[in-house]
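Engineer: Requesting a structural model of the entry that follows:
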Amino acid sequence: PRQARVVMSDAPAAPPAEIQFIRGIDEPVVPDIKLTRSQDGMTGTATFIFEQPSFLEATVEPQGEITGMFMLDKEGELKTTEVTAKFVNGKPRTVEAFYVMRDPESWDRMMRFLERYADSHGLGFTGAGN
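Structural biologist: Numbers count the residues shown, from 1 in each chain. Purely as a prediction, here's the structure:
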């Protein structure tokens, strides 16, 4: 008879997917993410909406310059400089970042990042019809 052996691996888990506004500092606030795609599937946009992200808190010491939003995972980095803040009563309240996907490959890359980000943060996905 054939025998099977189970081998426990000490290999580290895949690195998490994170979002940063300040290099080296992961943003703990999980954004609402909205995806749109052109009818021909050639282009798309990912909109990230952060409600009161940590780097806007007045109690946080300045930790570095905000030059964009960086999405990091095992494949590398996606970056956008299209980041805006919305203010309420003179105080920053939300931050929106827009990432434009100009071809099907960049759409696929974003989807892989979002899947890893969801896995890293215990999130789910809801399609437009749900």
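Engineer: State the three-state secondary structure for residue 42.
Structural biologist: Secondary structure of residue 42, reduced to three states by DSSP: H, G, I helix; E, B strand; the rest coil: coil.
Engineer: same question for the one helix or strand residue 112 maps to, mean pLDDT?
Structural biologist: Assigned by DSSP states H and E, residue 112 belongs to helix 104-121. Taken as a whole, helix 104-121 has an average pLDDT of 94.
Engineer: residues making contact with it?
Structural biologist: With CB atoms under 8 Å, 6 or more residues apart in numbering as the contact definition, helix 104-121 has outside contacts at 14, 16-19, 30, 33, 35, 37, 41-44, 46, 71, 73-75, 78, 99, 101, 123-125. To be clear about C-beta, it is placed using only N, CA and C from the backbone, and glycine gets the same treatment.
Engineer: now with 10 Å?
Structural biologist: When contacts are taken as CB atoms under 10 Å, 6 or more residues apart in numbering, the neighbours of helix 104-121 outside the stretch itself are 13-19, 26, 28, 30-31, 33, 35, 37-38, 40-46, 71-78, 99-101, 103, 123-125.
Engineer: ok, residue 47 - contacts?
Structural biologist: Contacts of residue 47 (CB under 10 Å, 6+ apart): 31-36, 82, 96-99.
Engineer: Apply 6 Å and report the result again.
Structural biologist: Counting by CB atoms under 6 Å, 6 or more residues apart in numbering, residue 47 touches 34, 98.
Engineer: and it, which of the three is it?
Structural biologist: If you use three-state DSSP, then residue 47 falls in the strand class.
Engineer: coming back round to it: show the buried residues in the contacts of helix 104-121.
Structural biologist: Buried residues within those, counting neighbours by 16 or more other CB atoms under 10 Å: 17-19, 30-31, 33, 35, 43-46, 71-73, 78, 99, 101.
Engineer: so of those, which ones are in strands?
Structural biologist: Residues of the buried ones among the contacts of helix 104-121 located in strands (DSSP state E): 18-19, 33, 35, 44-46, 71-73, 78, 99, 101.
Engineer: Run through this protein and note the low-pLDDT ranges.
Structural biologist: Counting by pLDDT under 70, the chain shows low-confidence ranges at 1-15, 58-64, 125-130.
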